[in-house]
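# take a look and give me a structure for this.
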Amino acid sequence: MSDDIRLSVTTVNAPDALALAIFYAELTGGVTKGSEHWATVSGPNGFIAFQQVDDFCPPVWPGADVPMQMHLDFFVDDLEATGARAVAAGATRLDFQPNSDHCLVYADPAGHPFCLSTWDGPHLDDEPDE
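As a prediction, this is how the structure comes out:
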């Protein structure tokens, strides 16, 4: 027995967990398992879980009425090609694009913003320890 704590999974609220998992599986080439109440998608570079919430309210981007509480970032090589793939899977390209030279913001079918980005800039892991 150990007192180690390890990162496990990010869980995203959804009106239908399986429907949202299917969207992200199509987007990333992952595999979906579960039901409308709890579902997962696993792929070559990660694992995301989804839980059904009865009173789900999609966030507003940008805005404060229902603020974004989290978003997913995906590293891509081609913004236009992957953006077209995301839209074909059911995403919506959002109007407000603060960094459109390297990052495009979309909403998944449940309304969660996510980013497709070509920027592979500095990461916190690259920063020197203080």
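# all helices for the chain, in order.
For the chain, the helices defined by DSSP state H occupy 17-28, 79-89.
# ok, N45 - contacts?
T28 (Cβ atoms under 8 Å, 6 or more residues apart in numbering). C-betas here are computed from N, CA, C, even on glycine.
# please report phi then psi for it.
N45 has phi and psi values of phi -130, psi 20 when expressed as degrees, to the nearest 10.
# name the residues that touch the lowest-mean-pLDDT helix or strand in the chain?
Every helix and strand of the chain was ranked by mean pLDDT, DSSP states H and E. The lowest is strand 72-75, at a mean of 88. For strand 72-75, contacts defined as Cβ under 8 Å, 6+ apart pick out 10, 12, 27-28, 48, 82, 112, 114-118, 120.
# among those, which ones are in strands?
Counted as lying in strands by DSSP state E, out of those, are T10, V12, I48, F114, C115, L116, S117.
# who is the most centrally placed residue in the chain paired with across the strands?
Ranked by distance to the mean C-alpha position of the chain (Cα atoms, centre = their mean), the top residue is L72 at 3.3 Å. According to DSSP bridges, the partner residues bridging L72 are F114.
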